[in-house]
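Engineer: Prediction below, plus the sequence it came from.
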Amino acid sequence: MKIFYSEAHRQHNPPFEVFDGGQREPYFENPDRMDKILAALRKTDWAEIAEPSDFGLDPILAVHDAGYINFFASAWTEWLATAPEGQTPSDKSAILPATFALRRTPRIPKSFLGRAGYYMMDLSAAIVEGTYQAALASAHCALSGAKYIARTGRPQVAIAHSDDTSRRSNNSPVAFALCRPPGHHAGKDYCAGYCFINNAAVAANWLSSRGKVAVLDIDYHAGNGTQDIFYDRADVLTISIHGDPDFEYPHFIGFADETGTGAGLGFHHNFPLPLGTGDAAYLAALDKALELITVYRPSFVVVSAGMDIYNGDPLGKFKVSRDAIREIGKRIASLNLPTVIVMEGGYANAELGENVKTLIGQLK
């Protein structure tokens, strides 16, 4: 399997994040995540790790607001320039604004901290000196995966049912974009939840000029950014299976009655699942999602793969086993469509490498 990965992710290593109640914690989305995944993949005989190509900014600006990307690109320099007299730049270890926009008006403040609060949704999207370059490289990994799978035409779709005992392996091209930072919480004009550029959305939008695309988000948290980006479009079907936002981040989006708007009405589907969801209930929701993809008949599939669904993940509350993760991979493979898997969350680092290898190994 072709795996696109860049060492540039190490430039993004915030020293802390702020949890509910103001508790400062070491940054969960850290470089060790990639080290654990790489260590597991390098033990296989099928992982072919490659550097991504540079696609420039055009595919990113086709998805994200130019004002947001301009802010993101210059944020660190502007942040240092706001240091009060007598402080050194090293005193400002991460950009975390104290005031956030309610988005009730479209007005964007002129001050740096005002714009930071407008373009940043929460205290987990900490920006440090190398964040922008790391996020660009992460998006290029996803785009490289998209380009790799786009080399062939659309095969016949195989229907995936929970009682199907003759599942086919995926004979279509498959690539894995080992992205860090992740992306699915980043919306058109904001960063959130460790995410700055929506890697899966950038890849899906690039593929959409070549055929219809289905985005399947299996991260524990709702793919609010992906929903935001494609909510009014019919050429990209978006589906997210996640913890119910009534009790889980991102709280304000990801409900079952959010199904798209305008031309996109009916082309977005959320499957919010309750606290403690286990293997059977998760796989039942997955089968419904795969049936929607089959009916849609896309040319390509983009999977936002979050391993925080795993039982014991510190930021998740599902009880999904590794055996179920293997089955998730098998059922996605049974679609038999060109597929790019994009890395999202997963914070049980000791188990993360094996979980990722188990998932993507079913599609090789």
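Structural biologist: Done, it's in. Values in this document were obtained by computation on a predicted structure and should not be read as measured data.

Engineer: neighbours around residue 117, how many?
Structural biologist: Residue neighbour count, defined by other CB atoms under 10 Å, stands at 16 for residue 117. C-beta: built from backbone N, CA, C; applies to glycine.

Engineer: go on, residue 262?
Structural biologist: Per other CB under 10 Å, the neighbour tally for residue 262 reads 9.

Engineer: do residue 202 as well
Structural biologist: Neighbourhood size, residue 202 [other CB under 10 Å]: 28.

Engineer: so where does it fall, helix or strand?
Structural biologist: helix 199-208 (DSSP states H and E).

Engineer: just checking, what packs against that helix?
Structural biologist: Here helix 199-208 touches helix 58-61, helix 131-149, strand 213-217, helix 224-230, strand 236-243, strand 300-305, strand 339-343, going by 3 or more CB pairs under 8 Å, 6 or more residues apart in numbering; DSSP states H and E.

Engineer: Strands of the protein, start to end?
Structural biologist: Using DSSP state E, the strands of the chain run over 2-4, 17-18, 24-25, 48-50, 174-177, 213-217, 236-243, 268-273, 300-305, 339-343.

Engineer: any chance of those in TSV, with mean pLDDT and mean neighbour count too?
Structural biologist: Output for the strands of the chain, formatted as TSV (pLDDT from 0 to 100; neighbours: other CB atoms under 10 Å):
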stretch	mean pLDDT	mean neighbour count
strand 2-4	98	23
strand 17-18	92	18
strand 24-25	92	11
strand 48-50	98	14
strand 174-177	98	28
strand 213-217	98	28
strand 236-243	98	27
strand 268-273	98	22
strand 300-305	98	29
strand 339-343	98	30
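
Engineer: For residue 82, find the nearest of the ones you listed.
Structural biologist: Residue 82 sits nearest to strand 17-18 of all those, at 18.9 Å, using CB to CB.

Engineer: Need phi/psi at the spatially closest residue to residue 65 that is not a sequence neighbour.
Structural biologist: Excluding the flanking residues, the one nearest residue 65 by CB to CB, 6 or more residues apart in numbering is residue 189, at 3.7 Å. Here is the backbone geometry of residue 189 (degrees, to the nearest 10): phi -140, psi 40.

Engineer: Using a markdown table, please lay out the helices and strands packed on helix 199-208 together with distance to residue 260.
Structural biologist: As requested, the helices and strands packed on helix 199-208 are arranged in a markdown table below (distance: least, CB to CB, whole Å):
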| stretch | distance to residue 260 |
| --- | --- |
| helix 58-61 | 23 |
| helix 131-149 | 23 |
| strand 213-217 | 13 |
| helix 224-230 | 8 |
| strand 236-243 | 8 |
| strand 300-305 | 17 |
| strand 339-343 | 21 |
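
Engineer: thought the residue nearest to residue 65 was touching residue 121?
Structural biologist: No: applying CB atoms under 8 Å as the test, residue 189 and residue 121 come out as separate, 10.2 Å apart.

Engineer: Nearest residue to the middle of this protein?
Structural biologist: Nearest residue to the geometric centre of the chain (CA atoms, centre = their mean): residue 184, 3.3 Å.
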